[in-house]
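A.B. asks: Based on what follows, work out the 3D shape:
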Amino acid sequence: MRWALVKVCLAVTAMVVIAFAVPLGLVVKEMARDRAFTDAERQAATIGPTLTITTDREQLTKAALSTDPGGRGRLAVHVPALEPGGTRLEIGVRRATSEDVETVRTSGRASIAEVKGGSVLLQPTAFGPGGIAVVEVFVPEDEVSNGVGTAWLVLAGVGIALIVGSVAVADRLGVRMVEPAQRLAGAAHDLGEGRLGTRVPEAGPTELRSAAAAFNSMADQVVQLLANERELAADLSHRLRTPLTVLRLNAASLGEGPAAEQTRAAVQQLEHEVDTIIRTAREQRPQTQGGQPGPGAGCDASEVIRERMAFWSALAEDEGRTVRLAGVDRTVRIPVARPELAAALDALLGNVFRHTPEGTSFAVDVHHGGDAVLVLVSDAGPGIPDPESALARGASGRGGGGGEVGSTGLGLDIVRRVAESTGGDLRIGRSVLGGTEVRIRIGLHGAPAERPGRGHRLGRRTGRRGARGGQMRSPEFRGVPGADL
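C.D. replies: So this is what the prediction gives:
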């Protein structure tokens, strides 16, 4: 497209230049010729007063030599005989033929004749009683074309400059159209390879901006569809956990015997299959280029947290849990894809429901700093005896995500990877509610993660500040669907 536009512009500009430059060059040439012969007519007219006074050879010769063409040997005077049998008088060097001179004398009109080395102007001049003399002025070829070559060079230079300028403008316009098209094609290729964070800047002509907007909308829909699938898998896992727990407890009370062993083995196999479903759903998360969120892959953390808390509020209400949500009353943009943040929140909230007794309170606080956003998930449960081991198990994918038996080990790993992808980190400590506090630090500018000791203390201090916004024993925190959400 780019070269096609350049070729079209080159052809059009060349035709315009030729259409104007060629006629203008011919006009310049004709003007130079007219100027040269006008000057010759003026020089020929200077002999007229002398001819009206005398036809003496000596006087005419002096008058001819006094002119510029006469002094340069370019002027000749042809005086016919006034009486039959008289002598014709010719002064100067004649270049025109006798026939041309006689024709001008007979017609009485000036004429231009071609001669060797240029042209001659034959100008009739009256003298004496009814006599017609002919003044001949020689005009060399270089004077006829004087300045024409320079004018043509200027016209050619202007034409070339116009063509080069038009090609440069066409090339820039082509780049402006081609680059957005190339970005759109590259983004479509990346999206086809699974990098779902790919987005296209809406730039360029109107048509390409519309195409980029349509592509981004399509990519958002694809990501949303995948997020819905992951939410469905997470919801299914939590729905299955409760009956599995009941089955495991019942199986443990069956005592010994082949039937009891088969029941316990079946429950264990079912738990394994559920864990496999959860692991598969978590591992199939959207990818972004270079491990970083692509253009348009960021999200509003407050909006996502409110949405996920609304999702978990039904289960919290069923189990009689008191919930507090703070710090989500304003927009907080983070460089994390919406599905990634939703998955991290689901993992942490799922751990709260799984590893704490029913009726245990929990809270989610969001704090916006200068270069990072802190998300604190705290509960009033029994807590984690060894946070460092829990983090190690979460990073490796072995053992419980919260240090509990029966965990897939993927929950904290999901959260940790989300935080570290932005230069943040994950910390576990003791909350002011008496249980576990998980602090997610999400970097806004790719800042390096803090040292473990310092980040751990910061998480505890921030948790205290968030807790002062309202304690779990206060009545207004009862019931998530209320004003807090």
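A.B. asks: Can you show me the strands along this protein?
C.D. replies: 75-79, 89-92, 111-115, 118-127, 131-140, 299-300, 323-326, 333-334, 362-368, 372-379, 425-430, 436-443 (DSSP state E).
A.B. asks: mind putting the ones you listed in a markdown table, mean neighbour count, distance to L348 and mean pLDDT included?
C.D. replies: Placement of C-beta: from N, CA and C, glycine included. Formatted as a markdown table, the strands of the chain follow (neighbours: other Cβ atoms under 10 Å; distance: least, Cβ to Cβ, whole Å; pLDDT from 0 to 100):
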| stretch | mean neighbour count | distance to L348 | mean pLDDT |
| --- | --- | --- | --- |
| strand 75-79 | 24 | 111 | 86 |
| strand 89-92 | 20 | 115 | 83 |
| strand 111-115 | 15 | 103 | 87 |
| strand 118-127 | 20 | 102 | 86 |
| strand 131-140 | 23 | 101 | 87 |
| strand 299-300 | 18 | 17 | 88 |
| strand 323-326 | 23 | 13 | 92 |
| strand 333-334 | 20 | 16 | 90 |
| strand 362-368 | 23 | 9 | 92 |
| strand 372-379 | 25 | 4 | 92 |
| strand 425-430 | 22 | 10 | 90 |
| strand 436-443 | 26 | 6 | 92 |
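A.B. asks: In a markdown table: those, plus distance to R209.
C.D. replies: Below are the strands of the chain laid out as a markdown table (distance: least, Cβ to Cβ, whole Å):
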| stretch | distance to R209 |
| --- | --- |
| strand 75-79 | 76 |
| strand 89-92 | 80 |
| strand 111-115 | 66 |
| strand 118-127 | 66 |
| strand 131-140 | 66 |
| strand 299-300 | 23 |
| strand 323-326 | 38 |
| strand 333-334 | 23 |
| strand 362-368 | 32 |
| strand 372-379 | 31 |
| strand 425-430 | 39 |
| strand 436-443 | 31 |
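A.B. asks: Which among those strands is found nearest to D220?
C.D. replies: Nearest to D220 among the strands of the chain is strand 299-300 (10.7 Å), distances taken as Cβ to Cβ.
A.B. asks: what's the closest one packed up against?
C.D. replies: Applying 3 or more Cβ pairs under 8 Å, 6 or more residues apart in numbering; DSSP states H and E, we find strand 299-300 packed against strand 333-334.
A.B. asks: Let's see that with 10 Å instead.
C.D. replies: Contact analysis of strand 299-300 by 3 or more Cβ pairs under 10 Å, 6 or more residues apart in numbering; DSSP states H and E lists strand 333-334, helix 338-355 as its packing neighbours.
A.B. asks: Quick check: G255 vs Q262, distance?
C.D. replies: Applying Cβ to Cβ, to the nearest Å, the value for G255 to Q262 is 13 Å.
A.B. asks: More neighbours: which of these two?
C.D. replies: Q262 (12 against 7; other Cβ atoms under 10 Å).
A.B. asks: Give me the phi and psi angles of the spatially most central residue of the chain.
C.D. replies: Centre of the chain computed as the mean C-alpha position; nearest residue by Cα atoms, centre = their mean is A203, 5.4 Å away. Main-chain dihedrals, A203, degrees, to the nearest 10: phi -140, psi 170.
A.B. asks: so it touches S210, yeah?
C.D. replies: No. When contacts are counted by Cβ atoms under 10 Å, A203 is not listed as touching S210 (11.8 Å).
A.B. asks: Now for those two: what residues contact both?
C.D. replies: By Cβ atoms under 10 Å, 6 or more residues apart in numbering, A203 and S210 have no common neighbours.
A.B. asks: Next, the contact list for the nearest residue to T422 once chain neighbours are set aside, please.
C.D. replies: Spatial nearest neighbour of T422, excluding adjacent residues (Cβ to Cβ, 6 or more residues apart in numbering): G443 at 4.2 Å. For G443, the contact set (Cβ under 10 Å, 6+ apart) comprises 334-336, 369, 371-373, 419-425, 449-450.
A.B. asks: Now, of those, which are buried?
C.D. replies: 334-336, 372-373, 419-425, 449-450 (16 or more other Cβ atoms under 10 Å).
A.B. asks: Out of those, which is nearest to T46?
C.D. replies: T46 has its nearest neighbour among the buried ones among the contacts of G443 in P335, at 91.8 Å by Cβ to Cβ.
A.B. asks: now that closest one: how far from D220?
C.D. replies: In terms of Cβ to Cβ, P335 sits 16 Å off from D220.
A.B. asks: Grab the nearest non-local neighbour of V16.
C.D. replies: Leaving aside its chain neighbours, V16 sits nearest to L162 (7.8 Å; criterion: Cβ to Cβ, 6+ apart).
A.B. asks: unless I'm mixing things up, the one you found is touching A21, no?
C.D. replies: Yes. Contact criterion Cβ under 10 Å: L162 and A21 qualify, at 9.3 Å.
A.B. asks: D413 contacts L426, doesn't it?
C.D. replies: Yes. If you go by Cβ under 10 Å, D413 and L426 touch, sitting 9.5 Å apart.
A.B. asks: re earlier: mean pLDDT for the helices and strands packed on strand 299-300: which is lowest?
C.D. replies: For the helices and strands packed on strand 299-300, the stretch scoring lowest in mean pLDDT is helix 338-355; its value is a mean of 85.
A.B. asks: With just CA atoms, put that one into CSV.
C.D. replies: Taking Å, rounded to 0.1, in the frame of the first residue of the first chain, the C-alpha atoms of helix 338-355 are listed here in CSV:
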residue,chain,number,x,y,z
ARG,A,338,-8.6,-8.2,34.9
PRO,A,339,-8.7,-12.0,34.7
GLU,A,340,-5.4,-12.3,36.5
LEU,A,341,-6.4,-10.1,39.4
ALA,A,342,-9.8,-11.9,39.7
ALA,A,343,-8.0,-15.2,39.8
ALA,A,344,-5.7,-14.0,42.6
LEU,A,345,-8.6,-12.7,44.7
ASP,A,346,-10.6,-15.9,44.1
ALA,A,347,-7.6,-17.9,45.3
LEU,A,348,-7.2,-15.9,48.5
LEU,A,349,-10.9,-15.7,49.3
GLY,A,350,-11.3,-19.4,48.6
ASN,A,351,-8.5,-20.2,51.1
VAL,A,352,-10.4,-18.1,53.7
PHE,A,353,-13.6,-20.1,53.2
ARG,A,354,-11.7,-23.4,53.0
HIS,A,355,-9.3,-23.1,55.9
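A.B. asks: Distance from that helix to the middle of the chain?
C.D. replies: Put simply, helix 338-355 sits 37 Å off its chain's centre (Cα atoms, centre = their mean, to the nearest Å).
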